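[1] Task: produce atomic coordinates for the following.
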Amino acid sequence: MKPARIERAALVEAARAAGPDAPTLCGDWTVRELLAHLVLRESRLDAAPGIFIKPLAKYTEHVQTNIAARSFDRLLADVAGGPPRFSPYRLVDEQANLGEYFVHAEDIRRAAPGWHPRQLDPSVERGLVAVVARMARLTLRGAPLRISLTTEQGTVVSAGKGNPVAVIGAPGEITMWAFGRDDALVTFEGEDADIDLLTKVKRSL
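    Numbers count the residues shown, from 1 in each chain. Model prediction:
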């Protein structure tokens, strides 16, 4: 099974175990609302632009609310089924969805107390390294620090300009950090003042 499909299945499993009303790390969204977001993203191309474009957000919220009203079992099935036939996500599943589904699976898991990191499939870890490299070049390019995202195999990517600081962890953990999550098992190397500044750097789109 390809990495994006592995993580899609992991998300569905995490959502089913948590239940529709469980919290997530996505602000005030419950599991139900997070699933509705994922269904909208892949199947409602008319509403998806509002995820990123503020003037269109009201329509996106309206559509997402309607999707969230579906039964929980249907939402799980809609997500598990993957992008519909007409969705462009079918053509770029690995590139567009591996990071999305890994992070959102962890948004569900890590919102519960006592979470622990999963043992990831090696193909997923390799795929996440590529995701992090692409993501960080975009989101960290304006950072006032030279930020290196590093695993035990070495530096994955460096971005930004300024004093050097390293974010160190397993591929899944630096992925969570690069996507703006603080619930990530990473350590930092650098001067204390630079590490303090690092906590204020915007990391997500």
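[2] doesn't residue 156 make contact with residue 133?
    Yes: proximity of residue 133 to residue 156 meets the contact threshold set by CB atoms under 8 Å, at 5.6 Å. Placement of C-beta: from N, CA and C, glycine included.
[3] Those two - which one has more neighbours?
    With neighbours defined as other CB atoms under 10 Å, residue 133 and residue 156 compare such that residue 156 has more, 21 against 16.
[4] quick check, that one in a strand?
    Yes: assigned with DSSP: H, G, I helix; E, B strand; the rest coil, residue 156 falls within a strand.
[5] now the residue lying closest to it once chain neighbours are set aside, what's its secondary structure?
    Setting aside the residues directly before and after it, residue 156 is nearest to residue 149 in space (CB to CB, 6 or more residues apart in numbering), at 4.8 Å. Three states are possible here, and by three-state DSSP the one that applies to residue 149 is strand.
[6] May I have the beta-bridge partners of residue 149?
    Under the criterion DSSP bridges, residue 149 forms beta bridges with residue 157, residue 167.
[7] How many residues are close by it?
    Residues lying near residue 149 (other CB under 10 Å) number 26.
[8] Check residue 61 too.
    By the other CB under 10 Å criterion, the neighbourhood of residue 61 contains 13 residues.
[9] same check, this time on residue 200
    Counted with other CB under 10 Å, the burial measure for residue 200 works out to 8 neighbours.
[10] Repeat that for the one 4 residues further on.
    In terms of burial, residue 204 registers 10 neighbours under the definition other CB under 10 Å.
[11] Look up how far residue 192 lies from it.
    Between residue 204 and residue 192 the computed distance is 25 Å (CB to CB, to the nearest Å).
[12] ditto for residue 108
    From residue 108 over to residue 192 (counting by CB to CB), the distance is 34 Å.
[13] Of those two, which one has the most company?
    Set residue 108 next to residue 192 and count neighbours by other CB under 10 Å: residue 108 wins out with 28 against 8.
[14] helix/strand/coil for the closest residue to the more buried one other than its chain neighbours?
    For residue 108, ignoring the flanking residues on the chain, the nearest one in space by CB to CB, 6+ apart is residue 14 at 4.4 Å. Classification of residue 14 into helix, strand or coil gives helix, according to three-state DSSP.
[15] Tell me where this structure is predicted with low confidence.
    Along the chain, segments meeting pLDDT under 70 span 205.
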